[in-house]
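In: this one's structure only:
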């Protein structure tokens, strides 16, 4: 789906995928990884590497900056709704 969107005429729809992958997994994934490690008694990093973002040392700062830049984009209401719809697919 990402390839289709990136080759289409509405590349801004990729924002929906970025939101889901990076913000969803970065923010919520930290909690989920911790719960999985505790409940499954996993050693550090085993089975939860999907939720590790070594290039993002400060998740809160990253998320705040991302939202600020997202809000600064010149998108109309139709485009905003299309992004939400894309993220929900």
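Out: Everything's here; your move. The structure displayed is predicted, hence computed values, not measured ones.
In: Was I right to think residue 56 contacts residue 62?
Out: Yes: look at residue 56 against residue 62 with C-beta atoms under 8 Å: they come within range, at 4.9 Å. Backbone N, C-alpha and C define where each C-beta goes, glycine included.
In: hang on, residue 32 packs against residue 51?
Out: Yes: Residue 32 is within contact range of residue 51, at 6.5 Å (criterion: C-beta under 8 Å).
In: The two: who's more crowded?
Out: Higher neighbour count among residue 32 and residue 51: residue 51, with 18 against 13, using other C-beta atoms under 10 Å.
In: and the gap between the most centrally placed residue in the chain and residue 70?
Out: Nearest to the mean C-alpha position of the chain, by C-alpha atoms, centre = their mean, lies residue 22 at 2.4 Å. Residue 22 sits 11 Å away from residue 70, going by C-beta to C-beta, to the nearest Å.
In: just residue 89 next, same as before
Out: The gap separating residue 89 from residue 70 is 19 Å, by C-beta to C-beta.
In: Which one's more surrounded, these two?
Out: With neighbours defined as other C-beta under 10 Å, residue 89 and residue 70 compare such that residue 70 has more, 15 against 10.
In: Now for the more buried one: which residues touch it?
Out: residue 15 (C-beta atoms under 8 Å, 6 or more residues apart in numbering).
In: try 10 Å
Out: Counting by C-beta atoms under 10 Å, 6 or more residues apart in numbering, residue 70 makes contact with 15, 18-19, 23, 80, 83.
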